[in-house]
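>>> Okay, predicted coordinates and the sequence, questions at the end:
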Amino acid sequence: MAHIITDKNKIFDVFQPGLIRGSERLPYSPKKKYFYVQHPTEGWRVYLRSACFIHELYKPFDPKKFLVVKRTDADPTKASWEPPKGQMEGKDARDPKKSIMALLRENIRREVEEEAKITYIRELTHTGLVLQSIEPDFPPNTHFQYHIFSGYAHPAQLMSSFDVFKWIQEYPEEFKKLQSDQREKDAIRWYDDSVKMMGRWSPTLLHLYVNLFSP
């Protein structure tokens, strides 16, 4: 498994001025171009990703009560859940005048809308937490970062979201007609200790986020 870096002193600063911006097709998903920043002299390249922990507006804050979505067709009792997250595509970063932070915020809003069916996040905040690692097929000196956001959803937004996922369960054939980006997740719920987080990165994202609020 790839080494995971979470120490702020060892993570590449993707917000510094003078970085080269670009996009490239990656082996695991060659149909899309993914956005990266690259240091002009040190040579490191970082592909940008984001994740968001969404809580319910007006409820007492509990860092362990947030929305998770399930990978489509996966067993809900297995490691198939994660917070809404995704990777920035080249099309997300066409405006060279926008800051990297602004691009990340737009990216996670899009991912949340696609995966959790929530169209507006209140108080969207970059937590300062970043996970950096590599994929097995990355070229040398190539990395990715997950930037962890938090935010709130209005109860009306939550009701609408849960209604959409109810529709997905009731009309699976109609769900299959949606665009692929809209079909990545087919269930939603609140996280609790019975939920098994999917993949190589989600468990670490969860650990980082919950520990941020530990005494």
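Happy to help now that I have it.
>>> Across the sheet, point out what pairs with the residue nearest to T142 when sequence neighbours are not counted.
Closest residue in space to T142, ignoring its immediate chain neighbours: R45 at 4.8 Å, by C-beta to C-beta, 6 or more residues apart in numbering. From N, CA and C alone the C-beta is placed, and that goes for glycine too. Beta-bridge pairing of R45, defined through DSSP bridges, involves Q38, T142.
>>> can you pull out the helices in the protein?
For the chain, helices defined by DSSP state H occupy the ranges 100-116, 155-170, 172-175, 202-212.
>>> which residues of this structure fall in strands?
For the chain, the strands identified by DSSP state E occupy 20-26, 29-38, 45-56, 67-71, 81-82, 85-87, 122-133, 142-153, 185-190, in order along the chain.
>>> So which of these is nearest F162?
Evaluated with C-beta to C-beta, the strands of the chain place strand 185-190 nearest to F162, the distance being 6.4 Å.
>>> And the closest one, what does it pack against?
strand 67-71, helix 100-116, helix 155-170 (3 or more C-beta pairs under 8 Å, 6 or more residues apart in numbering; DSSP states H and E).
>>> what residue ranges in the chain are flagged as low confidence?
Counting by pLDDT under 70, the chain has low-confidence residues at 1-2, 28.
>>> Quick check: beta-bridge partners of the most centrally placed residue in the chain?
Among the residues of the chain, the one closest to the centroid is K85, at 1.8 Å (C-alpha atoms, centre = their mean). Beta-bridge pairing of K85, defined through DSSP bridges, involves A51.
>>> Tell me the spacing between it and K166.
When C-beta to C-beta, to the nearest Å is the yardstick, K85 and K166 sit 23 Å from each other.
>>> Pull the contacting residues for the residue of the chain most remote from its centre.
Going by C-alpha atoms, centre = their mean, the residue of the chain most distant from its centre is T41, 29.0 Å out. With contact set as C-beta atoms under 8 Å, 6 or more residues apart in numbering, T41 has no partners.
>>> With distance to T77 and mean neighbour count as added columns, please give the helices of the chain in a markdown table.
Compiled in a markdown table, the helices of the chain are given as follows (distance: least, C-beta to C-beta, whole Å; neighbours: other C-beta atoms under 10 Å):
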| stretch | distance to T77 | mean neighbour count |
| --- | --- | --- |
| helix 100-116 | 20 | 20 |
| helix 155-170 | 16 | 15 |
| helix 172-175 | 19 | 11 |
| helix 202-212 | 16 | 17 |
